[in-house]
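Participant: model the structure of this input:
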Amino acid sequence: MEDVQEQQSPSLGQDGENEIVIENAASVHAEPPQDANGPPKVDTKAEILHDKVKKQIIKEGHGPIPSKYSTCFLHYRAWTESVQHKFEDTWDEQRPLEMILGKEKKEMTGLAIGVSSMKAGERALLHVGWELGYGKEGNFSFPNVPPSADILYEVELIGFDETKEGKARGDMTVEERIGAADRRKMDGNALFKEEKLEEAMQQYEMAIAYMGDDFMFQLFGKYRDMALAVKNPCHLNMAASLIKLKRYEEAIGQCTVVLAEDENNVKALFRRAKARAELGQTDAAREDFLRARKFAPQDKAIGRELRLLAEHDKAVYQKQKEIYKGIFGPTPEPKPKQTNWLISIWQWLLSLFYSLFRREKRKAE
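Facilitator: This next block holds a predicted model:
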């Protein structure tokens with residue numbers, strides 16, 4: 001289905017500073033990190049950061065690098081270098097790691113050295129010697145790392161906060177965490193308007209990281225409402241960015257998070273339906289559009305998308321009809337039966353003889 005520019009409407013229109021309206025996007029392509037069976041193959045030149053740490057850049061970042069005591073948010077996968085056994089993956093867990101440089105755990109010293117050299121948005125492959133990892137003894141609980149194991153990290157630095165005192169999220173008050181998340185959301189909105197979608201998503205992801213599940217479970221009443229007023233727009237704006245980047249499965253995931261909290265959220269239903277339609281999931285898309293229309297019956301954008309789905313279904317039906325017609329051909333017309341004249345003459349003669357026989361019989365009686 002073609003991507004059609006959304007018109008501003010009461011429920012899906014201008015959101016001020018909270019949410020962003022999807023508009024027809026220029027083609028912007030960006031691939032999420034691929035979860036291969038092993039670490040990524042990287043051809044870039046290795047940079048020596050330490051006697052036991054090397055870095056190869058997979059994707060360039062932007063801006064400055066973090067300083068000591070910066071609070072960094074990152075995703076990473078970790079493998080043992082010898083057998084390439086993956087033992088940790090924050091992308092799978094959908095929970096970025098928070099690391100304060102200079103206050104990291106001992107087993108993450110090599111990872112911290114690598115992160116301290118990275119810019120926001122940068123993705124890299126780190127080679128870390130066992131001396132700056134889990135050491136000579138390894139780790140036999142979670143994660144399970146064998147003794148003297150060199151480690152490979154695929155790392156993406158989402159972003160970082162410069163704080164002199166190195167204040168972690170757990171040490172912040174509720175208001176401080178929500179305020180920090182809101183500032184990140186505002187920065188993301190500004191980047192979105194400049195079409196810097198990857199950078200915008202990094203800001204939204206950092207905002208969401210301030211309000212993880214462990215934090216949200218502790219909130220009730222007005223504090224929960226305050227947190228959701230920041231968190232849900234971040235998920236919706238992530239979905240808007242991902243749709244523009246044609247990463248539809250991820251967009252569906254972001255909308256579903258919002259719908260878990262607010263099952264009647266019109267924007268979440270609308271954007272999930274848009275992503276599903278692009279993936280060809282027309283029945284699921286129609287269901288979401290109809291639910292959205294139930295709560296926003298006057299919304300023109302929803303009506304237009306439903307008409308487009310109907311036109312799409314009609315076009316698919318016509319195409320299938322032509323395909324089947326080509327396979328089986330037109331229905332054959334019945335052929336007229338050919339008359340056998342010899343049989344007809346023979347039947348006439350029998351009828352004639354039978355009539356004469358009956359007449360003679362009646363005379364005899």
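
Participant: give me the residues contacting the helix or strand harbouring Leu259.
Facilitator: When secondary structure is defined by DSSP states H and E, Leu259 falls within helix 248-261. Among residues not part of helix 248-261, those counted as contacts by CB atoms under 8 Å, 6 or more residues apart in numbering are 32, 228, 232, 235-236, 238-240, 242-243, 265, 267-269, 271-272, 274-276, 278-279. Using the backbone N, CA and C atoms, a C-beta is placed for each residue, glycine as well.

Participant: and the pLDDT at Met206?
Facilitator: The predicted local confidence for Met206 comes out at a pLDDT of 88.

Participant: thought it was touching Gly159?
Facilitator: Yes: if you go by CB atoms under 8 Å, Met206 and Gly159 touch, sitting 4.7 Å apart.

Participant: now do the shared contacts for these two.
Facilitator: Common contacts of Met206 and Gly159 (CB under 8 Å, 6+ apart): 73, 184.

Participant: in the stretch 201-350 of the chain, which spans are helices?
Facilitator: If you assign secondary structure with DSSP state H, counting those that start in this stretch, the helices in the stretch 201-350 of the chain sit at 213-216, 221-244, 248-261, 266-278, 282-295, 300-328, 341-364.

Participant: possible to save the ones you listed as TSV with mean neighbour count, mean pLDDT and distance to Val83?
Facilitator: Putting the helices of the stretch 201-350 of the chain into TSV (neighbours: other CB atoms under 10 Å; pLDDT from 0 to 100; distance: least, CB to CB, whole Å) gives the following:
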stretch	mean neighbour count	mean pLDDT	distance to Val83
helix 213-216	13	82	33
helix 221-244	21	94	35
helix 248-261	19	94	31
helix 266-278	25	96	38
helix 282-295	18	94	41
helix 300-328	13	81	48
helix 341-364	9	75	88
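
Participant: wasn't Phe87 part of a helix?
Facilitator: No: counting by DSSP: H, G, I helix; E, B strand; the rest coil, Phe87 is located in no helix; its state is strand.

Participant: neighbours around Tyr204, how many?
Facilitator: Neighbouring residues of Tyr204 were enumerated by other CB atoms under 10 Å; the total is 30.

Participant: how near is it to Lys231?
Facilitator: Computed as CB to CB, to the nearest Å, the Tyr204 to Lys231 distance reads 10 Å.

Participant: try Gly179
Facilitator: Relative to Lys231, Gly179 is positioned 13 Å away (criterion: CB to CB).

Participant: now do Gln347
Facilitator: As for Gln347, its distance to Lys231 is 92 Å (criterion: CB to CB).

Participant: same deal with Glu278?
Facilitator: Taken as CB to CB, the spacing of Glu278 relative to Lys231 amounts to 25 Å.

Participant: quick one: the strands in the stretch 1-150 of the chain?
Facilitator: Secondary structure of the stretch 1-150 of the chain, counting by DSSP state E, counting those that start in this stretch: strands at 47-50, 53-59, 71-80, 86-89, 97-100, 123-128.

Participant: wait, which of those strands is closest to Ile302?
Facilitator: When the strands of the stretch 1-150 of the chain are compared by CB to CB, strand 71-80 sits nearest Ile302, at 34.6 Å.

Participant: restrict that closest one to CA atoms and write it as PDB.
Facilitator: As requested, C-alpha coordinates have been extracted for strand 71-80 and formatted as PDB (Å, rounded to 0.1, in the frame of the first residue of the first chain):
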ATOM      1  CA  THR A  71      26.100   8.300  32.700                       C
ATOM      2  CA  CYS A  72      26.100   6.300  29.500                       C
ATOM      3  CA  PHE A  73      23.200   4.300  28.000                       C
ATOM      4  CA  LEU A  74      24.200   1.500  25.700                       C
ATOM      5  CA  HIS A  75      23.100  -1.700  24.100                       C
ATOM      6  CA  TYR A  76      25.600  -4.600  23.600                       C
ATOM      7  CA  ARG A  77      26.100  -8.200  22.800                       C
ATOM      8  CA  ALA A  78      28.900 -10.200  24.200                       C
ATOM      9  CA  TRP A  79      30.700 -13.300  23.000                       C
ATOM     10  CA  THR A  80      33.700 -15.300  24.200                       C
END
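
Participant: point out where the stretch 51-200 of the chain drops to low pLDDT.
Facilitator: Under the criterion pLDDT under 70, the flagged ranges of the stretch 51-200 of the chain are 163-167.

Participant: I appreciate the help and will end here.
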